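[1] Output the structure for:
(one chain, ligands or ions: 1)
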Amino acid sequence: MHRTTPLVAAVDIGGTKIAGALVDSEGRLTARTQRPTPAREDGATVLAAVHEVVDALRADPDWSRVRALGIGSAGPVDASRGTVSPVNIPGWRDFPLVLGVEKRLAESGAAQGAGGAAEVPPIVLIGDGPAIAAAEHWQGAARGSANSLCMVVSTGVGGGLVLGGALYPGPTGNAGHIGHISVDLDGVECPCGSRGCVEALASGPAIARRALAEGWVPPSGDASSAAVAEAARAGDPIARASFERAGQALAAGIAATATLVEIDRVVIGGGVARSGEVLFEPVRRRLADYAVLPFVHGIEVRPAELGTDAGLVGAAAAAAHVVGVEAWG
Ligand SMILES: [Zn+2]
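    Numbers count the residues shown, from 1 in each chain. Here you go, the predicted model:
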């Protein structure tokens, strides 16, 4: 690793934490930093926490090698306007995040009196789903696949698409948001305003809620989806049925996506995916019920490989791609 090779800074904003790192062209992370997200506070307070993360990265001696800053955020985002409206951060609605970070970098550069131009790297905003797709395509389970869907199944369900060999974030940076396509026309109302969304059937809370409603009794009061998975593994029929329903919803969503844009691989990560075969087995099996046309046969379903760093790696990859950072694939 040469001291002069370009780096990309990355910030990953979620409902519970704001993470930052410098990322090299091999996907390695340095200068890691993290703050809790003050998600219940006003917008300025949340921005101040982002500033703290960016300032910590900026204090790193390697900052001079940074050629771009990628920001991945919980969605929806509007990458074309640089604004974010994360569902789980109510203080941010159409919040001008990119402008805020740009101003901070320009001001602190000027304050430092850095000789010559106070260089503010170009900032690229992307939704967290497409960011994870970029990461898995670059370094993880979607490597080598030109057309894939990468999903996160946890407290929510999100995703991103790689099409024709490249990340497809869409005009606003949200493409691939499979959690909010409807797979049940008259199904339960979703907080997004629609009905029968994949997320409302397959998220961790949905799996736990359904098991409880059907009479599952959580051991030692732990009613998490991980506890339902444990019970399903032990053969509890109600717990198994709840994962079956989640797998069915995911399979229908995946089949719809594949039929629209022809994907050959699906990567699933997130907390619920860590339940393993309890989730993956019904997804693969039920896919045969919904992905029926010849051109969507044989879709591979794989677990994600990158874990909690995927958001940072992907935000960096997406920014490097948009900016055209040299030596980045
Ligand atoms: Zn929805």
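
[2] May I see the buried residues of stretch 48-63?
    Across stretch 48-63, burial judged by 16 or more other C-beta atoms under 10 Å covers A49, V50, H51, V53, V54, L57, R58, D60. Every C-beta, even on glycine, is put in place using the N, C-alpha and C of the backbone.

[3] So which residues of the stretch 101-250 of the chain form helices?
    Chain-ordered helices for the stretch 101-250 of the chain, with DSSP state H, counting those that start in this stretch as the definition, fall at 128-139, 198-202, 204-213, 225-233, 237-261.

[4] now those helices in TSV, with mean neighbour count and distance to D78?
    As requested, these are exported to TSV (neighbours: other C-beta atoms under 10 Å; distance: least, C-beta to C-beta, whole Å):
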stretch	mean neighbour count	distance to D78
helix 128-139	30	13
helix 198-202	27	20
helix 204-213	20	27
helix 225-233	22	31
helix 237-261	22	22
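
[5] Distance to the ion added to the ones you listed, as JSON lines?
    Supplementary listing: those in JSON lines, determined by distance: least, C-beta to the ion, whole Å:
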{"stretch": "helix 128-139", "distance to the ion": "14"}
{"stretch": "helix 198-202", "distance to the ion": "6"}
{"stretch": "helix 204-213", "distance to the ion": "11"}
{"stretch": "helix 225-233", "distance to the ion": "18"}
{"stretch": "helix 237-261", "distance to the ion": "11"}
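
[6] Mean pLDDT added to the ones you listed, as CSV?
    Compiled in CSV, the helices of the stretch 101-250 of the chain are given as follows (pLDDT from 0 to 100):
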stretch, mean pLDDT
helix 128-139, 96
helix 198-202, 97
helix 204-213, 97
helix 225-233, 97
helix 237-261, 98
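
[7] Take the buried residues of stretch 48-63 and keep only those in strands.
    Among the buried residues of stretch 48-63, DSSP state E puts none in strands.

[8] now, among those, which is nearest to the ion?
    Distance from the ion was checked for each of the buried residues of stretch 48-63 by C-beta to the ion. The minimum falls on V50, at 26.5 Å.

[9] confidence score at the closest one?
    Confidence at V50, expressed as pLDDT, is 98.

[10] can you give me the strands in the stretch 1-150 of the chain?
    In chain order, the stretch 1-150 of the chain shows strands spanning 7-13, 17-23, 29-36, 66-73, 77-78, 83-84, 123-127, 148-153, with DSSP state E, counting those that start in this stretch as the criterion.

[11] how about these in CSV, adding mean neighbour count and mean pLDDT?
    Formatted as CSV, the entries for those read as follows, by neighbours: other C-beta atoms under 10 Å; pLDDT from 0 to 100:
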stretch, mean neighbour count, mean pLDDT
strand 7-13, 29, 98
strand 17-23, 24, 97
strand 29-36, 15, 97
strand 66-73, 27, 97
strand 77-78, 26, 96
strand 83-84, 24, 98
strand 123-127, 28, 96
strand 148-153, 30, 97
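
[12] No further queries at this time; thank you.
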